[in-house]
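> Okay, here's the prediction I keep looking at, along with the sequence it came from:
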Amino acid sequence: MPASRRPFVRRWNALPALTRNAPPRVLLVVGAVVVLLGALIVSRPLTSIVLLGVYVGASAVVMGVFELFGRSTRWWARAVAVAWIVAGVAVLVWLGRSLELLPSVLAVLLVIGGLASVGRAVTGGAVSVRVLSLAWGIAQIAFGVLSFTWPDVTVLVLAVVFGVRTIVFGVGVFGRGVAGIRRRPRATPFDADQAVRRRRRRARWTAVGRYALSLVLVATAAGGWWLNDWLHDGAPVVDAFYNPPAEVPSGHGRLIRSAASPWRAPQNGDVTRILYTTRDAVSRPAVASAMVITPKDPSLGPRPVIIWNHGTTGVAQGCAPSLRDSTATRWAIPALEQALKAGWVVVASDFSGQGAPGAYPYLIGKGEARSSLDAVLATAELRSDLTLSPDTVVWGHSQGGHAALWTTAIADDYAPGIDVLGTAVVAPVADPPALARELLSGPPNAMLSVITSWVLVPYSETYADVHLDDYIAEGSRSIVLEMTQRCPTEPGVVVSVLTALGVSEDRPLYNADLTDGALGRRLEENAMTEPLGTPMLVAWGADDEVIAPRLQREYIEKLCAEGQPVRWASYAGYGHLRPIQPKSRFLPVLYDWTKNLIERKPQVVDGCGLR
């Protein structure tokens, strides 16, 4: 092999230097084993993460030693050799401490390998070899940097990159073994010219192959950067309004700041964003944001209040409804235009941790409820010409239904100045542990993995006795945490889904019963199946694909058994969202029921006994 080609091949791995002069049969065995190792790393990244770490770490150390004591005297080559050794030792040392550090170190190895390839490209050799070295170096550096940008896919990216490298090298070693076994005797003078022509032809095709592979590598790296920019451009931007000052007013329900919303306003109302103080589920001080939607033609006197609790929008800070342009103009808030025409003020909290920084209380009752009630208290400080009536009706959908139930349940103690007249909930998550058991009883899927992270991570951030590592597979922390950093409406959620799909065939992300232990106990604490004592309106779609209608029927039966007056309706042909969308048969019912409560008009408030 010409000397100009050896450096590129040698740095695929430490093994080339060890197998260069091995017998053909040894090459066959080594090649086959290495191919199987690469396939295992690619196909089972979580299961083989320790194997990947040992393999890459040991390989990096050996590679660095060979480079350090090799023939090259260039300073940059020796510097790269030292970097290989240090990074390899770091991988081997940290394997026993934290697998979560492994992807970052492996990403650094990619960058080091890329720099080494770029260095080789500028030091001489055949043109095609130099071009391929340069392209391979650029690709490694690009994917190393991108691995830091998307931590949850780092393991998968590195598994593919290192795994494919290993497979390619194994195939090459195996091919050398086959060629060695099949090697013919030295050519006779009669066919020497033909042999020379064959070698030249093979060299030309080899060069063409290198150029083609170089184009593929550059195109892949460019595509990765384009995709990264597209995903980031589609992510919501949390502007400076949501950053709380160093000092905030003492107490809860205090207004920090307000500003006109930059988004579209409804036809009959104006939208103001507010930032205010609140408390989380364990009474720690927190900050939350909300939208206050006031009528353009208000009635005289104090104005009744509708507290709207939104459904699931994700759990990341950027998933706040007040950051979306369409929240107050489409169907995100049901019967909004009718409420504004009636002169009601609609207060819609993002809940703490969305918009404003902090832990998000996903299906954590007191945290959700305190954010909603404090939004109303802060609205009372908004401006002097806005007077709120104590008369309040609480609405909520899905997760927001859970929040609405808790809002009513704690209102008397937490915000005694707010008089909750009734509670209307659509497809509520009244019993989180029952829903968890229902969802986990079915086959695992990617979206279930994402939703599970939305529950598990906020619970672990809120309750000291819920530990994330008790429920997740080893090496999957970065994957689970990153799933909570994307919203369903942004393109980046595709990364979460694809990541979940990528590991679902490997092993589950969650290795414990989520309804057991500390998490199970906390889920039970956040169930709201007790009667509220005020009128309730409960509705759901008979074809709800998210929350089984059976759970809603069981909830109604519990309420009726406890003597809670509840009016309920199940809508045939409706799914999870349809009851709150335009032209839903439920919207006139919601508006009339609320209007009668506020105006103290008699109406049917009890549907117990009906089927």
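It's in.
> Poorly predicted segments of the stretch 301-450 of the chain, please.
Counting by pLDDT under 70, not a single residue of the stretch 301-450 of the chain qualifies.
> sorry, that was for the stretch 151-300 of the chain
151-162, 182-191, 230-235, 298-299.
> Kindly recompute the last result at 90.
151-237, 263-264, 296-300 (pLDDT under 90).
> just so I have it, where are all the helices in it?
154-182, 192-233 (DSSP state H, counting those that start in this stretch).
> And the last one, what does it pack against?
Taking 3 or more C-beta pairs under 8 Å, 6 or more residues apart in numbering; DSSP states H and E as contact, the helices and strands that helix 192-233 lies on are helix 127-149. To be clear about C-beta, it is placed using only N, CA and C from the backbone, and glycine gets the same treatment.
> now the helix it packs on against helix 192-233, angle please.
20 degrees (axes from the mean of the first three to the mean of the last three C-alpha atoms, to 10 degrees).
> Just give me how far helix 127-149 sits from the chain centre.
Its chain's C-alpha centre and that of helix 127-149 lie 28 Å apart, by C-alpha atoms, centre = their mean, to the nearest Å.
> what's it packed up against?
helix 6-10, helix 102-121, helix 154-182, helix 192-233.
> angle of it against helix 102-121?
Using the same axes, to 10 degrees: helix 127-149 against helix 102-121 is 160 degrees.
> Identify, out of the helices of the stretch 151-300 of the chain, the most deeply packed stretch.
helix 154-182 (a mean of 19; mean count of other C-beta atoms under 10 Å).
> Ramachandran angles for the nearest residue to residue 112 once chain neighbours are set aside?
Counting by C-beta to C-beta, 6 or more residues apart in numbering, residue 112 lies nearest to residue 83, which is 4.9 Å off, once chain neighbours are set aside. Backbone torsions for residue 83, taken as degrees, to the nearest 10, come to phi -60, psi -40.
> number of nearby residues for residue 83?
When neighbours are defined as other C-beta atoms under 10 Å, residue 83 has 20 of them.
> likewise the one 4 residues further on?
Applying other C-beta under 10 Å, we find 22 other residues in the vicinity of residue 87.
> Can you give me the distance of it to residue 118?
17 Å (C-beta to C-beta, to the nearest Å).
> I'd guess residue 329 is in a helix, am I close?
No - counting by DSSP: H, G, I helix; E, B strand; the rest coil, residue 329 is not part of a helix but coil.
> residues contacting the residue nearest to it when sequence neighbours are not counted?
Nearest residue to residue 329, sequence neighbours excluded (C-beta to C-beta, 6+ apart): residue 264, at 4.6 Å. Residues near residue 264 by C-beta atoms under 8 Å, 6 or more residues apart in numbering: 325-326, 328-329.
> May I see the ChimeraX selection of the buried members of the residues you listed?
Only the buried members of these end up in this ChimeraX selection, burial being decided by 16 or more other C-beta atoms under 10 Å:
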select :328,329
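> And the contacts of residue 264, which is closest to residue 437?
residue 326 (34.5 Å; C-beta to C-beta).
> Could you check how far the most centrally placed residue in the chain is from residue 199?
By C-alpha atoms, centre = their mean, the chain has its centre lying nearest to residue 483, at 1.9 Å. Distance, residue 483 to residue 199, by C-beta to C-beta: 54 Å.
> got it, and residue 437?
Applying C-beta to C-beta to residue 437 and residue 199 gives a distance of 69 Å.
> From start to finish, how long is stretch 439-455 in a straight line?
13 Å (C-alpha to C-alpha, to the nearest Å).
> quick one, helices of the stretch 301-450 of the chain?
Going by DSSP H, counting those that start in this stretch, the stretch 301-450 of the chain shows helices at 336-341, 365-379, 399-414, 432-440, 446-462.
> could you dump those to CSV with mean neighbour count?
Shown next, in CSV, are the helices of the stretch 301-450 of the chain (neighbours: other C-beta atoms under 10 Å):
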stretch, mean neighbour count
helix 336-341, 20
helix 365-379, 27
helix 399-414, 25
helix 432-440, 19
helix 446-462, 21
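> Redo those as JSON lines? Include distance to residue 256.
Shown next, in JSON lines, are those (distance: least, C-beta to C-beta, whole Å):
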{"stretch": "helix 336-341", "distance to residue 256": "25"}
{"stretch": "helix 365-379", "distance to residue 256": "8"}
{"stretch": "helix 399-414", "distance to residue 256": "19"}
{"stretch": "helix 432-440", "distance to residue 256": "31"}
{"stretch": "helix 446-462", "distance to residue 256": "22"}
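> can you pull the contacts of the closest residue in space to residue 31 that isn't next to it in sequence?
Once flanking residues are discounted, residue 31 sits nearest to residue 174: 2.8 Å by C-beta to C-beta, 6+ apart. Residues near residue 174 by C-beta under 8 Å, 6+ apart: 27-28, 31-32, 35.
> Kindly state which of the helices of the stretch 301-450 of the chain is positioned closest to residue 359.
helix 446-462 (4.2 Å).
> Packing partners of that closest one?
Using 3+ C-beta pairs under 8 Å, 6+ apart, helix 446-462 is in contact with helix 432-440, helix 477-483, helix 493-504, helix 517-525.
> Least reliable of the ones you listed by average pLDDT, please.
Confidence, taken as mean pLDDT, is least for helix 493-504 of the helices and strands packed on helix 446-462 (a mean of 60).
> Identify the residues contacting the closest residue to residue 454 other than its chain neighbours.
Distances taken as C-beta to C-beta, 6+ apart put residue 315 closest to residue 454, at 4.7 Å, once the chain neighbours are dropped. Residue 315 sits next to 353-354, 360, 362, 454, 457-458, 484 when contact means C-beta under 8 Å, 6+ apart.
> May I see the residues you listed arranged in JSON lines, with distance to residue 131 as well?
Formatted as JSON lines, the contacts of residue 315 follow (distance: C-beta to C-beta, whole Å):
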{"residue": "353", "distance to residue 131": "50"}
{"residue": "354", "distance to residue 131": "49"}
{"residue": "360", "distance to residue 131": "50"}
{"residue": "362", "distance to residue 131": "51"}
{"residue": "454", "distance to residue 131": "47"}
{"residue": "457", "distance to residue 131": "46"}
{"residue": "458", "distance to residue 131": "50"}
{"residue": "484", "distance to residue 131": "43"}
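> out of these, who's nearest residue 128?
The nearest one, if we look at the contacts of residue 315 relative to residue 128 and count by C-beta to C-beta, is residue 484, at 46.3 Å.
> Please look at the closest one and residue 460 and confirm they touch.
No - if you go by C-beta atoms under 8 Å, residue 484 and residue 460 don't touch, sitting 10.4 Å apart.
> and of the helices of the stretch 301-450 of the chain, who's closest to residue 468?
helix 446-462 (4.4 Å).
> and the angle for the closest one with helix 432-440?
Using the same axes, to 10 degrees: helix 446-462 against helix 432-440 is 150 degrees.
> now the spatially closest residue to residue 565 that is not a sequence neighbour: how far from residue 315?
The shortest distance from residue 565 to any residue other than its chain neighbours is 4.2 Å, reached at residue 606 (C-beta to C-beta, 6+ apart). From residue 606 across to residue 315, the span is 36 Å (C-beta to C-beta).
> about what we covered before: looking at the helices and strands packed on helix 127-149, which is nearest to residue 541?
Here helix 192-233 is closest among the helices and strands packed on helix 127-149 (C-beta to C-beta), at 32.3 Å.
> so which of the helices of the stretch 151-300 of the chain comes closest to residue 602?
helix 192-233 (54.4 Å).
> now the strands for the stretch 251-400 of the chain?
Remark: strands assigned in the stretch 251-400 of the chain by DSSP state E, counting those that start in this stretch are 255-260, 269-279, 285-295, 303-309, 345-349, 388-397.
> Distance to residue 594 and mean neighbour count for those strands - can I get that in TSV?
Formatted as TSV, the strands of the stretch 251-400 of the chain follow (distance: least, C-beta to C-beta, whole Å; neighbours: other C-beta atoms under 10 Å):
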stretch	distance to residue 594	mean neighbour count
strand 255-260	26	16
strand 269-279	16	23
strand 285-295	15	25
strand 303-309	7	25
strand 345-349	11	27
strand 388-397	5	24
